[in-house]
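Participant: below is the sequence, then the predicted model.
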Amino acid sequence: MSSTDLNNSRFAELMSWLCRGWAALMRPSGAIWLLIGTLVWLGIFGWPRSLHIPDEGRYVGVAWDMVRFDSTWTPLLNGLPYFHKPPLFYWLNEAAFLLFGVHEWSARLPSILISWLTVVALYLFVRRHRGVEVATVSVLALITMPYYYGASQYANLDMLVAGMISLTILAGAEAVSRAAAGEPRASWFAIAAGFLAAFAVLSKGLIGVVLPGGVLFFWILATRRWVGLKVLLAPGVWLAFLSIMVPWFVLMEIYYPGFLHYFFVYQHFERYLSDGFNQQQPFWFFIPVVFGMSLPWSIWLFRFGWQRGEITFDRSWFWLMGLWIVVIVVFFSIPTSKLIGYTVPVLPALAVLIAEVIVGTWNGLRAERDIRWTVITLIAAVTACMIALVVFLFANDRSSKPFVQQFQSEMTVDDQFVFLDVYPFDMQFYTRDPKPAWVVFNWPALPAGDTWRNELAEAGEHVPDKAKEVLITPEQLLPRICQNPNRTYWFVAYPEAKEPVAFLAHLDPIFVTRYRVEMWKLVPDATFTSKWCTGEQHESTKQ
């Protein structure tokens, strides 16, 4: 036997073994192994990477602030009330920290778990309405899409919001389907949708009810299942929704008057309609994002174009999945500011449509060949996820972790961190510093755009007295140090930010990151205080 024949034989054996495993997953008894394997797959690689900057550092940093300052209800950024987003992600992060310790894996655990719960709900829903094969392929396609897999491994709000929106749609669709068919427990699923919509609002605001509500409304309109409106708008659903959603917002308005205007009017409507925020993209931005980041599975959608005779959809089913995708993509395409994570909620519906196409091809004359191509697609998708994970691991060059690891043995709880016109979101997470940092900037002169400076300044407006303690100007810095000369000060800044601060000129950086941020250590000794802490020097810093 030639080497070519031997290689072909081994490949055939491998494909035969993979196809047998595939067939086992297609059986109803394979569900438990599928879902257990999904949890392992989504969570096992959530620990090797340091927090990514800025998003993971920002949102995990807020949760860490709530832990270190014992602020159960109020999200905090450097000790200041941070109301850009609602609190559910931070609460889940707090719980994970308390149960599993403060580290990267526990920070990512909420995303991992909500991702898995979404997969479980999708499997049960699709299996009930479309069978085991479509449900299984939907799950396999979803969890190996680099787009979904990456969001599951990322500690920010994207997966939590996507999961809650998806769960709300699934519960609402089940309620409408049961009500239209005269089946029992429709009202229970509607109430569950009300609870889930409330949690979705606590994840990221009004889109938590607007988006699933829009999908379900247009689906009811398209399929004329008018009984769905009655079951979804029943008093019990409203009670479930309001009982979970309202208390936190009322509490924050009591503690911080003006909160509701800031959160709903500014953070929702003005941001949605404004073009003055970051990440401005064209209207069609999300089309290549969704298709490209769902490769190689999304290629199967082209099969629908020339095999429509072999692939059949239930009309109402097609409307549900299609509207699920279209409503969300169009909604986020309207504003000029767009982030990649916004369209993660469409991926469960996309996975179902892909699964319908794939399973539909198995009924044709080339069924065995198509099953093999499905297995090959799965292998390619897993490989793509692993490559993306490795690339992301080495591309994360803005982490504060290397600096902290090198100097943590020298740090004490009395030390003071000073950030000069820079805010490393993750540094206090890694240092476990119990105090807010001093953030030095010419605070009245805020730049335009959506920056960390604006976030801190807006947070400070809710507690002006507290803001004066942590948001300081360059003129206030030296007097502060001279009033507390018995501390060690760790400065973080870009090199150019050091130039106007005369007393730092003689210091050499002890650490330089790959993105040019430098760290200096200052221990004010007698020589320093005699030179810089005189009345004359104090006056010079104020000029």
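Facilitator: Perfect, thanks for sending it. Numbering: from 1, shown residues only.
Participant: centre of the chain to the strand or helix carrying residue 197, how far?
Facilitator: Residue 197 belongs to helix 186-204 when assigned by DSSP states H and E. Centroid separation for helix 186-204 versus its chain: 20 Å, with Cα atoms, centre = their mean, to the nearest Å.
Participant: who does the helix or strand following it touch, helix- and strand-wise?
Facilitator: Where DSSP H and E defines the elements, the next helix or strand beyond helix 186-204 is helix 207-223. If contacts are counted by 3 or more Cβ pairs under 8 Å, 6 or more residues apart in numbering; DSSP states H and E, helix 207-223 sits against helix 157-181, helix 186-204, helix 227-232, helix 315-333. Any C-beta I mention is one placed from the backbone N, CA and C, and that applies to glycine too.
Participant: and the angle for helix 207-223 with helix 186-204?
Facilitator: Inter-element angle recorded for helix 207-223 and helix 186-204: 140 degrees (by axes from the mean of the first three to the mean of the last three Cα atoms, to 10 degrees).
Participant: could I get helix 207-223 in CSV with only the CA atoms?
Facilitator: Extracted as CSV, the C-alpha positions of helix 207-223 are listed here (Å, rounded to 0.1, in the frame of the first residue of the first chain):
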residue,chain,number,x,y,z
ILE,A,207,-33.0,47.5,25.2
GLY,A,208,-33.7,44.6,27.5
VAL,A,209,-37.4,45.0,26.9
VAL,A,210,-37.5,46.9,23.6
LEU,A,211,-35.6,44.4,21.5
PRO,A,212,-37.3,41.1,22.7
GLY,A,213,-40.6,43.0,22.7
GLY,A,214,-40.1,44.2,19.2
VAL,A,215,-39.1,40.7,17.9
LEU,A,216,-42.2,39.1,19.5
PHE,A,217,-44.5,41.9,18.4
PHE,A,218,-43.5,41.7,14.8
TRP,A,219,-43.6,37.9,14.9
ILE,A,220,-47.2,38.0,16.3
LEU,A,221,-48.1,40.5,13.6
ALA,A,222,-46.5,38.4,10.8
THR,A,223,-48.2,35.2,11.9
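Participant: before we move on, the earlier item: remind me what the helix holding residue 197 packs against, helices and strands.
Facilitator: Secondary-structure packing of helix 186-204 (3+ Cβ pairs under 8 Å, 6+ apart): helix 88-100, helix 157-181, helix 207-223, helix 227-232, helix 235-255.
Participant: name the residues of it that come out as buried.
Facilitator: 186-187, 189-204 (16 or more other Cβ atoms under 10 Å).
Participant: nearest to residue 473, of the helices and strands packed on helix 207-223?
Facilitator: helix 157-181 (32.3 Å; Cβ to Cβ).
Participant: relative to helix 186-204, how tilted is that closest one?
Facilitator: 160 degrees.
Participant: give the rounded mean pLDDT of the longest helix seen in the chain.
Facilitator: As assigned by DSSP state H, the longest helix anywhere in the chain is helix 367-395. Computed over helix 367-395, the mean pLDDT rounds to 83.
Participant: which elements pack onto it?
Facilitator: When contacts are defined as 3+ Cβ pairs under 8 Å, 6+ apart, helix 367-395 packs onto helix 3-25, helix 132-143, helix 146-152, helix 347-361.
Participant: helices and strands around the shortest one, which ones?
Facilitator: Based on contacts counted as 3+ Cβ pairs under 8 Å, 6+ apart, the elements that helix 146-152 packs against are helix 104-130, helix 132-143, helix 157-181, helix 347-361, helix 367-395.
Participant: re earlier: closest to residue 352 out of the helices and strands packed on helix 186-204?
Facilitator: Judging the helices and strands packed on helix 186-204 by Cβ to Cβ, what sits closest to residue 352 is helix 157-181, at 10.6 Å.
Participant: quick one, what contacts residue 192?
Facilitator: For residue 192, the contacting residues are 171, 175, 240, by Cβ atoms under 8 Å, 6 or more residues apart in numbering.
Participant: could you do residue 189 as well?
Facilitator: With Cβ under 8 Å, 6+ apart, residue 189 has these contacts: 171-172, 174-175, 178.
Participant: any weak-confidence spans in this protein?
Facilitator: Across the chain, the ranges flagged by pLDDT under 70 are 1-30, 269-279, 304-313, 363-368, 448-449, 535-543.
Participant: quick check: domain ranges of it?
Facilitator: Here the domain parsing of the chain from automatic domain parsing is 3-395, 401-542.
Participant: from the chain's centroid, how far away is the last one?
Facilitator: Relative to the chain's own centre, domain 401-542 is displaced by 29 Å; criterion: Cα atoms, centre = their mean.
Participant: reformat the helices and strands packed on helix 146-152 as a markdown table; add mean neighbour count and distance to residue 53.
Facilitator: Converted to a markdown table, these look like this (neighbours: other Cβ atoms under 10 Å; distance: least, Cβ to Cβ, whole Å):
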| stretch | mean neighbour count | distance to residue 53 |
| --- | --- | --- |
| helix 104-130 | 21 | 13 |
| helix 132-143 | 24 | 26 |
| helix 157-181 | 25 | 16 |
| helix 347-361 | 24 | 25 |
| helix 367-395 | 15 | 11 |
